[in-house]
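Undergrad: Here is my input, please return the structure:
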Amino acid sequence: MTKNEYDLIVIGAGGAGSTAAGNAAGSGKRVAMIERDKLGGTCLNYGCDPTKTLLHTASILYHAQHATGLGLRIPQAKVDWEAVQAHVRQVQDTIRGGTLEHARAGIAAQGIDLFMGQAMFTSPHEILVNGEILRGKRFLIATGTVALIPDIEGLAETGYITNVEAVSLPELPKRLVVIGAGPIGLEFAQMFSRLGAQVVVLEHGKQPLPREDPELAMLLCSQLTAEGIRLEFGAEMRCGEVNEHGKHIHIHGTDGKEEDLTADQLLVAVGRRPALDELNLEAAGVQYTKEGITTDA
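TA: Take a look at the predicted model:
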């Protein structure tokens, strides 16, 4: 094989892609791996690991603040957001097995060639990354998902964050509006509420967690409401201006009631979609829909 020819080219260095690349390299195959963002994928950098760390921290704070019923008197329990963020980064480095530089060294030690950049197919067996053409006998597309952004009037102009920004905000918001009452939205809502933010959750549907048992979902809502989180269902919304007071959101409720909210941050959490936009899959002859790549049995 020439320098840029591989038995397998893996697109995406998350849990799936890195595991597959390591297995193939361990079997004696010549492997390349392409990543456009951070090694470790969504789970390590923007999903499971930082959010569960933040949830654990928020839970400790919440129980410390509500410990009087146990006969405990904790005089001061408050958030040092900068220190919390440092703890999250430490957890990520531990799970990764070191810093990003250590991770790169580990990949190289497995005999995998790592390319950092956006991948784009130019033919069924050729892919372009950073102006360089790589040729592969086989490709594994393991690009995962990205946040789905709803078509809401004024949303782009007002500005919003997703889970990517939410786990590493430079400042803890005092007022947060969460769009979406699915698992991601409710997880962030409780986390930020327990850390001290005033939280409102807006859901277009009639109930939270639509894929879960309705009775259990409503029981969860009762708990969240008891913790001070406001939940609005069947809500239509549009975003307004941004000024020194914050981001302005207009709500039209199911009962016809009109209301204006102001928030420091607007978190979009209405679901996920496949991260396939930039791959130019047509050039590779790969069929796909908005649901993902079409596969056989």
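Undergrad: hey, let's count contacts and neighbours off CA atoms from now on
TA: OK.
Undergrad: Report pLDDT for the residue of the chain most remote from its centre.
TA: When distances are taken from the C-alpha mean of the chain, residue 71 lies farthest, 38.6 Å away, according to C-alpha atoms, centre = their mean. Residue 71 is assigned 93 on the pLDDT scale.
Undergrad: Please report phi then psi for it.
TA: Taking degrees, to the nearest 10, you get phi 80, psi 20 for the backbone angles of residue 71.
Undergrad: And the helices in the stretch 101-250 of the chain, which stretches?
TA: For the stretch 101-250 of the chain, the helices defined by DSSP state H, counting those that start in this stretch occupy 155-158, 163-166, 183-194, 214-226.
Undergrad: Adding distance to residue 203 and mean pLDDT, write the ones you listed out as a markdown table.
TA: Conversion of the helices of the stretch 101-250 of the chain to a markdown table gives the following (distance: least, C-alpha to C-alpha, whole Å; pLDDT from 0 to 100):
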| stretch | distance to residue 203 | mean pLDDT |
| --- | --- | --- |
| helix 155-158 | 15 | 94 |
| helix 163-166 | 17 | 97 |
| helix 183-194 | 9 | 97 |
| helix 214-226 | 12 | 94 |
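Undergrad: between those helices, which gets nearest to residue 173?
TA: Nearest of the helices of the stretch 101-250 of the chain to residue 173, taken as C-alpha to C-alpha: helix 183-194 at 8.1 Å.
Undergrad: Can you tell me how far the residue nearest to residue 285 when sequence neighbours are not counted is from residue 223?
TA: Spatial nearest neighbour of residue 285, chain neighbours left out: residue 124 (6.3 Å); criterion: C-alpha to C-alpha, 6 or more residues apart in numbering. Here the criterion is C-alpha to C-alpha, to the nearest Å. By it, residue 124 lies 52 Å from residue 223.
Undergrad: So which of the two has more stuff around it?
TA: residue 124 (17 against 12; other C-alpha atoms under 10 Å).
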